[in-house]
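Engineer: need coordinates for the following:
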Amino acid sequence: MSDETSIERLSTGNEFISIPDISSRTAGIEDIGFMYDAFRACIELHGSADCPLLRPSVEIEGDEVFDAGISSELVSYWIPRFEASSHSARAIATVFAPLDRRGFGCVLTVENTSDRQIKVRAGWRGCWQSTYHAANLSKMMAGVKHGGISSYRPGVPVVEYRGHTPLFAIALVPQEVMPVGVSEGEDNVGAAEWTGDSLIARPGIPLYFDLTDEYKLAPAERKDVPVYVGIGLEEVSAIASAEELRLQGWERMLASLKAWLDARTIDCDDEYFKRLTNTNSFYNYFYSQAVALDTEELTVVTARSARNESCASYRDRDALMWSMPAVLQVNWSQARKMLLHAFTTQLANVGIRSRYINGIVLEPGLQLDQLCVPMHALHYYVQVTGDMSVLFDRRVQHGINMIQQTLAAQRHADVELFETLLLPSGEPSRFPYVCYSNVTVWRALRDAAWLYDRIRDLDRAMEAGQLADRVRAAILANFVVDGPFGKMFARGIDLEGHFELGDDPAGSLQMLSYHEFCTPDDPVYRHTVQWIHSEHNPFSNCAAPFAQPSVCGGPGPSVLSVVNELLTGRKEEALDFLRRAELDDGIACASVDQATGRAIGGRAYASVAGYLAFGLRTALNLSLPETAEVPQSRRPSEVLYQPPPPEAGQVPKKARL
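Structural biologist: Have a look, this model is predicted:
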């Protein structure tokens, strides 16, 4: 990854709203998004090719300051800040999304750097052109935009998106009274001329808005021009969302957000890896989970940007193996909520390739490794936090039973192996029995035995432990085959003498040592890892400048493979790769170009960003911030079943920040 000056796109957001594409060239917000449960998708509002959704504007003597060179940075690794200068003024634009608020703030600060009074027109301009529904694929929606100056709160531009009824809206509230306008073209209709009738723009037709005013600045004088953008289910709620932000005040909200981020920053002596770790950590935290606008319920997703092919979809592995451990590094109670979401909303179709945010099947097909992930995640959470209360939750106990019953249905009648339809990558498996997937079964059974022991269910603990031993014996008896370097693990078998060599970075055989199935010096394991990174593996990219295997013949070296290296002791190779790779403007992606290290697949991949942040913290042995520590309460009762405890992290919202 190069330094921040070469980054083309910055992202920010909060639980309600995602702001995935802010151009470092123009400081313009290209689009915003939010989760909508009724549509089972992420909804994105886009500007046009010529005009972003919202951008700062500072005009001095007819020249636009933000048309000149712009420098950018991420304050506290999550707050985009842009600076541009002219011969007489300096302008700073900051975009931030306060925690737990339905909207975001944009603050423009203009300072006179000359020795004379200057006259400037400053503020914010933009347009809303297109609206997209993203659940894997992104498709334009057919509703109509109704825009104008609100009659509910005069002086506020508002655009409401309607089908048969209002569906959602955005409102822009300035800090103080100023000229505002809404139009279908370049000529704005201002508040003074507004007739009260909506301007109507059909799909793909932009509505423009302008919140700028003229100011006279003395030498060294500064002027702040904030605007608050609120979202809601219709005009009134959008305006109320923005108005609440205005009442809180941008300075107080910005300071509060910065303090929250700084308290959750992972420290590292190497400034490069500190930035890479924390940027991906916060990106994962805010883009792998969200609060739906229409239900205010938690949604957990692979990604929240339509630039990713899995936007707004749920996968057990992505949520619980890649995202949750990284969320646990930021906020343990939020990780607990993600875990309970898996054991409630997403439980009915556990193990199916992917689901919508409400748990309904999106892509059918059983993926054995994903079926086992909730058990491993539960073990990891309890082991790290010591929070035993989750084990006494009837919903979790029901989920464990359901997963074990589903596992039993995949078991071979005579051999302790379990079949799958899909590989960890989601590609169809050539053979019914996949080595990595069966190792996850073994691991899930071991985890179940450990968990049962914690709640003193000794019979079930023994039963799960004994079955785990038999599964391990079956794996060693059937998957160890002859390879070019000696005995190694096959990727898949059919129990009729046929097998295939191969690997899948989304569920790599290299991770067998991480899962403690074997030791790193086990000869069979060493030969397998040697094969994965050799010319015998047709997807190894071993001769390329960025030498990491691809996912099932994908377009380039996989970032997942890099993280696998971090977690299995080959960290020097992985750290060198990461120091040179640009990734997706510093955010993890699925794959990179093997010559340049730039993202070519799976951009804006929030769950992989979490996997990378977790891998870096683990490999570099970085200490967690104090906010990630779990306050220890009294030991729970020895009683096996108890009512579900109160949800963690439900802190009453303060009236004022």
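Engineer: going by C-alpha atoms from here, please, whenever you check contacts or count neighbours.
Structural biologist: Will do.
Engineer: any idea how the protein splits into domains?
Structural biologist: 4-263, 276-623 (automatic domain parsing).
Engineer: counting by contacts, list what the helix or strand containing Ala122 packs against.
Structural biologist: According to DSSP states H and E, Ala122 maps onto strand 118-128. Counting contacts by 3 or more Cα pairs under 8 Å, 6 or more residues apart in numbering; DSSP states H and E, strand 118-128 packs against strand 55-60, strand 103-112, strand 207-217, strand 222-232.
Engineer: out of those strands, which is closest to Glu565?
Structural biologist: When the helices and strands packed on strand 118-128 are compared by Cα to Cα, strand 103-112 sits nearest Glu565, at 38.0 Å.
Engineer: buried ones in the strand holding Ala122?
Structural biologist: Ile118, Val120, Arg121, Ala122, Gly123, Trp124, Arg125, Gly126, Cys127, Trp128 (16 or more other Cα atoms under 10 Å).
Engineer: which residues are in contact with that strand?
Structural biologist: Defining contact as Cα atoms under 8 Å, 6 or more residues apart in numbering, one finds that strand 118-128 is touched by 45-48, 51-61, 88, 108, 110, 112, 206-219, 225-227.
Engineer: mean neighbour count for the helices and strands packed on strand 118-128 - can I get that in TSV?
Structural biologist: Converted to TSV, these look like this (neighbours: other Cα atoms under 10 Å):
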stretch	mean neighbour count
strand 55-60	23
strand 103-112	24
strand 207-217	22
strand 222-232	23
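Engineer: just tell me which of those strands ends up closest to Met253.
Structural biologist: That would be strand 103-112 among these, by Cα to Cα, at 8.9 Å.
Engineer: now the end-to-end length of stretch 488-508.
Structural biologist: End-to-end distance for stretch 488-508, by Cα to Cα, to the nearest Å: 13 Å.
Engineer: now stretch 338-350
Structural biologist: End to end - Cα to Cα - stretch 338-350 spans 14 Å.
Engineer: just for the protein, where's the confidence low?
Structural biologist: Applying pLDDT under 70 to the chain flags the ranges 1-5, 185-197, 553, 631-657.
Engineer: most distant residue from the centre of it?
Structural biologist: Arg116 (47.5 Å; Cα atoms, centre = their mean).
Engineer: how about the nearest residue to that residue, chain neighbours excluded?
Structural biologist: Pro219 (5.5 Å; Cα to Cα, 6 or more residues apart in numbering).
Engineer: how about Pro325?
Structural biologist: Looking at Pro325 with Cα to Cα, 6+ apart, the closest residue is Phe614, at 6.6 Å.
Engineer: give me the number of residues near that neighbour?
Structural biologist: 26 (other Cα atoms under 10 Å).
Engineer: what comes up buried for the helix or strand where it lies?
Structural biologist: Assigned by DSSP H and E, Phe614 belongs to helix 606-619. Using 16+ other Cα under 10 Å as the test for burial, helix 606-619 gives 606-617, 619.
Engineer: redo the helices and strands packed on strand 118-128 as CSV? Include distance to Ser389.
Structural biologist: Below are those laid out as CSV (distance: least, Cα to Cα, whole Å):
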stretch, distance to Ser389
strand 55-60, 48
strand 103-112, 34
strand 207-217, 51
strand 222-232, 36
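Engineer: figure out which of those strands is closest to Val156.
Structural biologist: strand 207-217 (9.3 Å).
Engineer: before we move on, back to that, so which of the domains of the chain comes closest to Asp269?
Structural biologist: Smallest distance to Asp269 across those (Cα to Cα): 9.3 Å, for domain 276-623.
Engineer: and the closest one, how far out from the chain middle?
Structural biologist: Distance of domain 276-623 from the chain centroid (Cα atoms, centre = their mean, to the nearest Å) equals 16 Å.
Engineer: let the chain start at 18 from now.
Structural biologist: Sure, I'll start counting at 18 from here, so that last one is domain 293-640.
Engineer: start and end of that domain, how far apart?
Structural biologist: With Cα to Cα, one end of domain 293-640 sits 15 Å from the other.
Engineer: go on, stretch 172-184?
Structural biologist: In stretch 172-184, first residue to last residue: 22 Å (Cα to Cα).
Engineer: buried stuff in that stretch?
Structural biologist: Within stretch 172-184, the residues that count as buried by 16+ other Cα under 10 Å are Gly172, Val173, Pro174, Val175, Val176, Glu177, Tyr178, Arg179, Pro183, Leu184.
Engineer: got the contact list for that stretch?
Structural biologist: By Cα under 8 Å, 6+ apart, stretch 172-184 touches 159-167, 185-191, 194-199, 208, 226, 250-252, 256.
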